[in-house]
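Asker: quick one, fold the following:
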Amino acid sequence: MVPLLLLGVLALAIVLERFWSLRRNEVLPPALGQEVRSWAARGKLDPAHLQALRANSPLGALLAAALEARNRPREQIRERIEDTGRHLVHRMERFLNALGTIASAGPLLGLLGTVVGMIQMFLGILDHGVGDVNQLAGGIGKALVCTATGMIVAIPALMFHRYFKGRINGYVIEMEQEASALLDALDGRSGVMAGAARPHAPGATAARPAAAKA
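Answerer: All right, here's what the predicted structure looks like:
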């Protein structure tokens, strides 16, 4: 029972910590994507802005990684985003492996406690006889309490483990959408700058007056 109670306390602590760390405003601050796209459009991409963006949130860290590689080809920017995204997912899934282990180990520990209790009870019967039947039934009931406790610990741990996994997957999809929108904004800005910098062909400008005279 003692290991089961300790696992229950640990599972509760992990659930509370993950609820606090995976709040939507902490992972995906509202309007951050639009703000970063405005930065990119105005060219406000100095190191101070990128550093503040990286420390802002997981979404900010992903967008900062894309902006740091903005002068590279689009495929290389995508690779940088994917690498950063893997690190961010690993950070968001912190302690979830421990929660899944508790969900798996809880019933096994409960069953082990029940088996050990029943072995001790039957060894007592072997030494002293059956004795009072009510006492025997009470001993079996006490042994089964371990199994029930293991399930009480494991079922909520499994449910919250699945819930947090799904929540993180949803965040990842939204972060990918924001990163794609930023890439499109960077491509559009690059196209505008390239068009503004492209010189006009002198022959073409000279040909127009000649054609008009003809």
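
Asker: and the lengthiest helix in the chain, how far out from the chain middle?
Answerer: When the chain is parsed with DSSP state H, its longest helix is helix 133-197. How far helix 133-197 lies from its chain's middle: 7 Å, per Cα atoms, centre = their mean, to the nearest Å.

Asker: show me what that helix is packed up against.
Answerer: The contact analysis (3 or more Cβ pairs under 8 Å, 6 or more residues apart in numbering; DSSP states H and E) places helix 133-197 against helix 2-21, helix 32-42, helix 58-68, helix 74-92, helix 96-128. Glycine gets a C-beta too; all of them are placed from N, C-alpha and C.

Asker: need those in a markdown table with mean neighbour count, can you?
Answerer: A markdown table is the format used below for the helices and strands packed on helix 133-197 (neighbours: other Cβ atoms under 10 Å):
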| stretch | mean neighbour count |
| --- | --- |
| helix 2-21 | 15 |
| helix 32-42 | 17 |
| helix 58-68 | 22 |
| helix 74-92 | 15 |
| helix 96-128 | 16 |
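
Asker: generate CSV for the ones you listed, with mean pLDDT and distance to A179 as supplementary columns.
Answerer: Below are these laid out as CSV (pLDDT from 0 to 100; distance: least, Cβ to Cβ, whole Å):
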stretch, mean pLDDT, distance to A179
helix 2-21, 94, 21
helix 32-42, 84, 9
helix 58-68, 90, 6
helix 74-92, 90, 5
helix 96-128, 85, 23
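
Asker: of the ones you listed, which is nearest F160?
Answerer: F160 lies closest to helix 2-21 among these, at 4.9 Å (Cβ to Cβ).

Asker: identify the residues contacting the closest one?
Answerer: Residues from elsewhere that reach helix 2-21 (Cβ atoms under 8 Å, 6 or more residues apart in numbering): 92, 94-96, 98-99, 102-103, 105-106, 109-110, 113, 146, 149-150, 152-153, 156-157, 160, 164.
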